[in-house]
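> give the three-dimensional model of this entry:
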Amino acid sequence: MKRIQLFEFEDFQWIPDGVRSSMTRLLTVLIKMMGIHHIISSKVKQILQENNLSSVVDLGSGAGGAMPLIHEDIPEIKMSLSDLFPNKEAIKYVNSLPTANLHYLETPVNAVEFESAPQGLKTMINCFHHMPPIQARKIVESAYHAKQPFLIYEMAENKMPLLVWALMLPISMVIMIIMVLFMTPFVKPLTWQQLVFTYLIPIIPFLYAWDGQASMPRMYSMDDMDELLSELSSKNYSWTKEPALNDSGKAIGTFVIGLPI
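Below is the predicted model:
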């Protein structure tokens, strides 16, 4: 398997929710700048329409991520965010938004237990790479055995050789730290923690830069996905892999889709 199990600070429970949320908000700014939310919302809407579904349940939502942006594109869709360790700050923010169809569940939802999760299209947006292979296999197995529709999106594809990634790491880290300094004013909501720990005590830029770079070798390549999905296709359930294309036909990430037949 090409994937390497590096660590990301975001995965550690000792990271304060305020810092974790600040990092997620930066990622949300990047997603909005690149128009990634439009790509995902278009695919979500297509799957819902083609499979007669009316709701979305996001797994591993963490601090919210792209889902509120995606919901802005399809506000008529009922969308529930969830996590095994629900982020209290994200729950408060998402549930305060002026929309009746977007809600962050306060009770834990385990991504390896599809049968006990709320009904609807299950999604994992930019978080599947956080799962080590054993956990990732359990998640796709759960979707398969429960015959539940499932959409995985990652905003990059693991194609770069590990040696090249390692050699480029110092430069990439510096570039991402500088990006954080320019992106922070566009964060919503912009909290005092975000400002203080970006410009006065620059913890967030370093953590965000490392996590962004560490996520690359952690992502499952398409060959890795074939390995994870082996023996999980049948006449009743199928998997497809495809590039996530924007309106101009440029690939910005990948989709892996599991659907009951």
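> residue 39 contacts residue 242, doesn't it?
No. Look at residue 39 against residue 242 with Cβ atoms under 8 Å: they stay out of range, at 11.4 Å. For every residue, glycine as well, the C-beta is placed using N, CA and C.
> of the two, who's got more company?
Per other Cβ atoms under 10 Å, whichever of residue 39 and residue 242 has more neighbours is residue 39, with 25 against 12.
> following the strand or helix carrying the more buried one, which helix or strand comes up?
Using DSSP states H and E, residue 39 falls within helix 36-50. Counting by DSSP H and E, the next helix or strand C-terminal to helix 36-50 is strand 55-58.
> OK, contacts around the residue nearest to residue 147 when sequence neighbours are not counted?
Leaving out its chain neighbours, the residue that sits closest to residue 147 by Cβ to Cβ, 6 or more residues apart in numbering is residue 260, at 4.3 Å. Contacts for residue 260 were tallied using Cβ atoms under 8 Å, 6 or more residues apart in numbering; they are 147, 148, 149, 236, 237.
> beta partners of residue 260?
residue 237 (DSSP bridges).
> mind checking how far it is from residue 122?
With distances taken as Cβ to Cβ, to the nearest Å, residue 260 is found 12 Å from residue 122.
> give me the common contacts of these two.
In contact with both residue 260 and residue 122: 148, 149, using Cβ under 8 Å, 6+ apart.
> quick one on the thing from earlier: next one: the helix holding residue 39 to chain centre, how far?
Using Cα atoms, centre = their mean, to the nearest Å, the mean C-alpha position of helix 36-50 is found 15 Å from that of the whole chain.
> for the lengthiest helix in the chain, packing partners?
Ranked by number of residues, the top helix in the chain under DSSP state H is helix 162-183. Under the contact criterion of 3 or more Cβ pairs under 8 Å, 6 or more residues apart in numbering; DSSP states H and E, helix 162-183 touches helix 17-34, helix 203-218.
> can you tell me which of these the model trusts least?
The weakest mean pLDDT among the helices and strands packed on helix 162-183 belongs to helix 17-34, with a mean of 92.
> keeping just the C-alphas, turn it into PDB.
Provided in PDB are the C-alpha atoms of helix 17-34 (Å, rounded to 0.1, in the frame of the first residue of the first chain):
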ATOM      1  CA  ASP A  17     -11.300  22.600  20.100                       C
ATOM      2  CA  GLY A  18     -10.600  26.300  19.500                       C
ATOM      3  CA  VAL A  19      -7.300  25.600  17.700                       C
ATOM      4  CA  ARG A  20      -8.800  22.600  15.800                       C
ATOM      5  CA  SER A  21     -11.700  24.700  14.700                       C
ATOM      6  CA  SER A  22      -9.400  27.400  13.600                       C
ATOM      7  CA  MET A  23      -7.500  25.000  11.400                       C
ATOM      8  CA  THR A  24     -10.700  23.700   9.900                       C
ATOM      9  CA  ARG A  25     -11.900  27.200   9.100                       C
ATOM     10  CA  LEU A  26      -8.700  27.800   7.200                       C
ATOM     11  CA  LEU A  27      -9.300  24.700   5.100                       C
ATOM     12  CA  THR A  28     -12.800  25.900   4.500                       C
ATOM     13  CA  VAL A  29     -11.400  29.200   3.200                       C
ATOM     14  CA  LEU A  30      -9.200  27.200   0.800                       C
ATOM     15  CA  ILE A  31     -12.100  25.000  -0.300                       C
ATOM     16  CA  LYS A  32     -14.200  28.100  -1.100                       C
ATOM     17  CA  MET A  33     -11.300  29.800  -3.000                       C
ATOM     18  CA  MET A  34     -10.900  26.700  -5.100                       C
END
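> in it, what counts as buried?
The neighbour-count check on helix 17-34 (16 or more other Cβ atoms under 10 Å) flags 17, 19-32 as buried.
> who's in contact with residue 227?
residue 1.
> isn't there a helix covering it?
Yes. Residue 227: assigned to a helix according to DSSP: H, G, I helix; E, B strand; the rest coil.
> can you tell me how far it is from residue 140?
11 Å.
> picking that back up, residues contacting the helix holding residue 39, please?
31, 53-54, 56, 66, 69-74, 77, 121, 123, 125, 149, 151, 153, 155, 244-247, 252-253, 255, 257, 259.
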